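1. Sequence and predicted structure are below.
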Amino acid sequence: MRAVALAPQTPLREIIPAERAALFERELGLLSAYDLLTYFPYRYEDLTAPTPSNLLGGVLEGEENAAGTVISVKHQFLAGRARAKTTALLRDDAGAFTAVWFGRPYLRNQLREGMQIFVRGRVQRSFSGPQVNVSLHRVTRDGETYDGEVLPVYGQTARLPLKTIRAVIRKALPRLLEIPIDELPEDLQRKHALLPTREAYRAIHLPTRMSEALAARRRVIYGEFLGLALGAAIKRAQRAFTGGALPMSAPDDLMDELERQLPFALTGAQRRVIREMWGDMALPQAMNRLLQGDVGSGKTLVAAAAALLAHRAGAQAALMAPTEILARQHAAKLSTLLLPFGVPVEVVLGGQGAKARREALGHLVDGSASLAIGTHALLEDDVVFARLGLAIIDEQHKFGVQQRMRLRVKGYGGNLPHTLVMTATPIPRTLAQSLYADLDLSVIDELPPGRTPVRTRATTEDHKLDVWAFVRKQVERGRQAYVVTPSIGLDNGRKNGGEEESKAAIARATEVYDELTHQIFPDLRVGLLHGKMPAREKDEAMAAFTRNEVSVLVATTVVEVGVDVANASVMVILDAQRYGLAQLHQLRGRVGRGAATSFCILVAPDDHAESERLRVLERTADGFAIAEEDLRLRGTGDLRGTAQSGAANFKLANLVADFHLYAEAKADADAVVAADPQLERPEHNGLRHLLAAGETLQALVVSS
Ligand code: ADP
Ligand code: MG
């Protein structure tokens, strides 16, 4: 042991050779000692417990272990490719089996009759008994019994193979374990029979038994959950103290007045949600409400109801959307909805002309406009409101916590604006309550009447011509189609409010556009829409599609959110394997908005597991069920960025698979915070650090 403990932030190059460190940084994004320590294996190869030879070949997939004494060995060189083949006959207590190696000429000097060896590989059954195609073997010395080992499997890349990662971590681990690591309170450790922290970090990388690896994982997952749950509990405890807001109470007949001006009746769910929201807004405490509703469930109307109440209370409202296309569409819809109520609306966009912007900003600062609709351009310093009392954020997962907060600080007179965040990415309620601990939750769980579900098919790339033939048939019937191209670089795009797209994504969209225009549909009108086009061209492309001057619109995922063209009845999604199910469901929601039967075709490479995954969408149209399935398959997958900043950035935990452990951690966290709201007691030092260490605290500080 060295005298000085290792700081978690110690650069990797001080721990492993600089060249290696550079490779780990480039390939895996690992920068510090802590990063390497917490680069956890995602599974293990269990090389313990050999299967008795009479039972070998009992599994259909994967490798098996066997151990025995060498009875005879044969070395051959296969014709043609001079490939060495080694065959050994082995005996164990249950009988005999053969082991076969290819391309290992050195075995000639290694294997001897009478040796005890351990082998691992895929097993084939043959007339002469089971045959192990060896991927790995160990020779055991006289008198030694090989107990096997459990090998960690880490995420690898082409340039940084598993073997290197394993070797580097194994070697660095003693040093890494010098990082000061806090223990959990003893009573919690005992209650859940958890490994001590340092022991868990060792065992997760270098377990001697599978059971030890699992116990180590359990300890780490519990810690991740406890951090999240503590953050949530503290936020809840603090909510009573958050800033005041302008109370806006809705007159009894406002709901009727609203409904009278609509071309349709409100759904029961819309009415309930509007009541919940107006109830919050009537309080002198800032509303902080999350509105979840599937695509097409009518969230815009709820936003209109909020803006209407703010206007009546003499305050202003701002609605922020992630893309210009969507902001404009909101502006068009909301101005229409709110026109009968005399609510003046302004639009604030990045790509807007200087004059239009100056005018819009003038009306916001002098208070003559009641509702500002825009993109993150609303957050700029020169956007000043006279009396901002309500902030509405659409598709909030496209924005960071920081951006949301910047809108909140634009409140006036020491008040916070009431805040409504809307999302079409539904999260099962129990999870949502945990992840969005500082938000109240409203759910629209009912679609407006008369919707027919979108008929969905998953197909493979070799059927693309059939897909185009289908699109053509629909177009001949007067319908329109979206063709969505891969979202390469999508994640980069999210950081910037969704409007940045990678060059690769745009190149791909353009390539598909060219193919469709010149080869597939030379006689049809094909349009192109991507995030890097100038705002004016984007608008033109969208407008042409809306007017049905374009039959097939090739688009990157800029169409994902909110675009509403009733005559579009086909959605083709290329490279569907790149998206989470929830996101595919979102895209699918762009069609099925009119009377015609709509279709969604998911095109992916021919891969069994992938087809199975996509079939979930064939079977169900329930956004919540899909989100849950997505969570199960991808861990926090789509929740990254959905949740309060990094709150759900777990390294190991999966909110669905490990939910029982989450429930326990949450109960523990609630009890701890009830007894010690600020975590001031000495035995809670470790917990304070648990919060401070993760990104959880960052999210906490910014949002409270
Ligand atoms: P989303 O929740 O995806 O934002 P929108 O607010 O865009 O959904 O609504 C989808 C469509 O449903 C719009 O065309 C809207 O006019 C319509 N709509 C909303 N509420 C109702 C309702 N109560 N009855 C009938 N149609 C409705
Ligand atoms: Mg919407």
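-> Sure, I can see it. Ligands and ions are numbered 1, 2, ... in the order given.
2. So for the longest strand belonging to the chain, what gets flagged as buried?
-> Ranked by number of residues, the top strand in the chain under DSSP state E is strand 64-78. For strand 64-78, a neighbour-count test (16 or more other CB atoms under 10 Å) marks 64, 65, 66, 67, 68, 70, 73 as buried. From N, CA and C alone the C-beta is placed, and that goes for glycine too.
3. same thing with stretch 344-363?
-> Buried residues in stretch 344-363 (16+ other CB under 10 Å): 345, 346, 347, 348, 349, 350, 352, 357, 360, 361, 363.
4. my read is residue 390 is in a strand, agree?
-> Yes. Secondary structure assignment places residue 390 in a strand (DSSP: H, G, I helix; E, B strand; the rest coil).
5. okay, now it: neighbour count?
-> By the criterion of other CB atoms under 10 Å, residue 390 has 29 neighbours.
6. Quick one: residues contacting it.
-> 248, 281, 306-307, 309-310, 315-318, 417-420 (CB atoms under 8 Å, 6 or more residues apart in numbering).
7. swap in residue 460?
-> Under the criterion of CB under 8 Å, 6+ apart, the contact partners of residue 460 comprise 603, 604, 605, 606, 611.
8. Out of those residues, list just those in helices.
-> With helices defined by DSSP state H, the entries of these inside them are residue 611.
9. From the recorded domain assignment, give the ranges for this protein.
-> Here the chain is described, according to automatic domain parsing, as comprising the domains 12-44+155-218, 49-148, 254-282+298-423, 454-620.
10. mean confidence score for the first one?
-> Per-residue pLDDT values across domain 12-44+155-218 average out to 93.
11. So what would you say the end-to-end distance of it is?
-> The first residue of domain 12-44+155-218 is 27 Å away from its last residue (CA to CA, to the nearest Å).
12. who in the stretch 201-350 of the chain is up against ligand 1?
-> Within the stretch 201-350 of the chain, the positions lying close to ligand 1 (CB under 6 Å from any ligand atom) are 264, 266, 267, 270, 293, 295, 296, 297, 298, 299, 300, 301.
13. nope, the chain is what I meant
-> Neighbours of ligand 1 within the chain, by CB under 6 Å from any ligand atom: 264, 266-267, 270, 293, 295-301, 424, 448, 564.
14. One more pass at 8 Å, please.
-> Where proximity means CB under 8 Å from any ligand atom, the interface of the chain facing ligand 1 comprises 262-267, 270, 293-303, 333, 394, 422, 424, 444, 448-450, 562, 564, 566, 589, 593.
15. If any of the residues you listed are buried, put those into a PyMOL selection.
-> Here is the PyMOL command that selects only those of those that count as buried (16+ other CB under 10 Å):
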select buried, resi 266+267+270+293+294+295+296+297+298+299+300+301+302+303+333+394+422+424+444+448+562+564+589+593
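16. Tell me which of the residues of the chain next to ligand 1 fall in helices.
-> Residues of those located in helices (DSSP H): 270, 299, 300, 301, 302, 303, 333.
17. which among the residues you listed gets closest to residue 476?
-> residue 333 (30.6 Å; CB to CB).
18. In which helix or strand does the residue lying closest to residue 284 once chain neighbours are set aside reside?
-> In space, residue 284 comes closest to residue 247 once its chain neighbours are excluded; the distance is 4.6 Å by CB to CB, 6 or more residues apart in numbering. In this structure, residue 247 sits in neither a helix nor a strand according to DSSP states H and E.
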